[in-house]
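Asker: Following is a predicted model, sequence given first.
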Amino acid sequence: MPVDDPAATLMSSPDPASLPVPQEWDVEPDPMAVPPSRRLIRRIAEAWQVPMSDAALRDVELCADELLANAIEHTRARCRVSVQWTGERLRVAVTDSSLALPDREAAEDTITGGRGLLLVEALAHSWGWHPTGTGKTVWFECAADQLIAGSRRMAVLLRVANDRTTDRPTRSA
């Protein structure tokens with residue numbers, strides 16, 4: 001289940017007067033397809049020389065992992081990934097075939113999973129979704145090196161982890 005490598009087709013040094021061409025590819029409905037896809041997103045951002053620290057790129061990978069895992073888990077069908085650099089923000093979108101709306105608080109209190117959108121909400125600059133003709137697109141954007149860092153990042157991660165293990169949901173800041 002190899003993932004096509006759009007990074008191989010990227011410009012080696014983008015013209016500063018123009019933005020890089022957005023990259024898109026399909027991801028097979030296999031949980032094993034998630035790690036190579038999230039790593040590909042990082043390689044694309046690095047090839048575009050997006051001004052993000054290593055820590056910020058790890059957060060992008062984590063957010064992408066959540067969206068991809070959700071799409072595969074809830075549809076059991078192929079999804080489509082799109083990565084775009086706007087000049088100010090890196091935008092990652094995952095389009096799937098489910099008409100079910102993303103719900104960041106849908107998980108039952110007694111289960112350990114299902115709160116990945118809380119993590120996306122906490123780490124990304126913005127996120128959202130919109131319907132498509134046959135499903136929906138869930139996206140997040142990260143501004144250049146403006147992701148949550150340091151002790152505030154640790155507090156967010158601990159809050160999400162705590163929310164996964166307690167009976168009372170908490171909201172991220």
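Answerer: That came in fine, so what should we check first? No experiment lies behind these values; they were computed from the predicted model shown.
Asker: what's the helix or strand for residue 69?
Answerer: helix 54-75 (DSSP states H and E).
Asker: Show me what that helix packs onto, helices and strands only.
Answerer: strand 23-27, helix 34-47, strand 79-85, strand 89-96, helix 116-123, strand 136-143 (3 or more CB pairs under 8 Å, 6 or more residues apart in numbering; DSSP states H and E). Yep, even glycine has a C-beta here, placed from its N, CA and C like the rest.
Asker: To residue 129, which of those lies closest?
Answerer: strand 136-143 (4.5 Å; CB to CB).
Asker: Residue 53 and residue 145 touch, don't they?
Answerer: Yes - at 5.5 Å, residue 53 counts as touching residue 145 under the criterion of CB atoms under 8 Å.
Asker: what sits against residue 92?
Answerer: 41, 60, 63-64, 67, 81-83, 139-141 (CB atoms under 8 Å, 6 or more residues apart in numbering).
Asker: And the residues you listed, which is closest to residue 75?
Answerer: residue 67 (12.1 Å).
Asker: pLDDT score assigned to the nearest residue to the closest one once chain neighbours are set aside?
Answerer: Distances taken as CB to CB, 6 or more residues apart in numbering place residue 94 nearest to residue 67, at 4.3 Å, with adjacent residues excluded. Looking at residue 94, its pLDDT stands at 98.
Asker: residues touching residue 94, list them.
Answerer: So residue 94 contacts 27, 64, 67-68, 70-71, 79-82, 137-139 (CB under 8 Å, 6+ apart).
Asker: beta partners for it?
Answerer: Per DSSP bridges, the residues bridged to residue 94 are residue 81, residue 138.
Asker: just to revisit the earlier point, with distance to residue 130 as added columns, please give the helices and strands packed on helix 54-75 in JSON lines.
Answerer: Below are the helices and strands packed on helix 54-75 laid out as JSON lines (distance: least, CB to CB, whole Å):
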{"stretch": "strand 23-27", "distance to residue 130": "16"}
{"stretch": "helix 34-47", "distance to residue 130": "20"}
{"stretch": "strand 79-85", "distance to residue 130": "13"}
{"stretch": "strand 89-96", "distance to residue 130": "9"}
{"stretch": "helix 116-123", "distance to residue 130": "15"}
{"stretch": "strand 136-143", "distance to residue 130": "6"}
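Asker: which of these has the lowest average pLDDT?
Answerer: helix 116-123 (a mean of 89).
Asker: Give me the buried positions along that one.
Answerer: Across helix 116-123, burial judged by 16 or more other CB atoms under 10 Å covers 116-123.
Asker: repeat for stretch 72-83
Answerer: Residues of stretch 72-83 classed as buried by neighbour count (16+ other CB under 10 Å): 72, 78-83.
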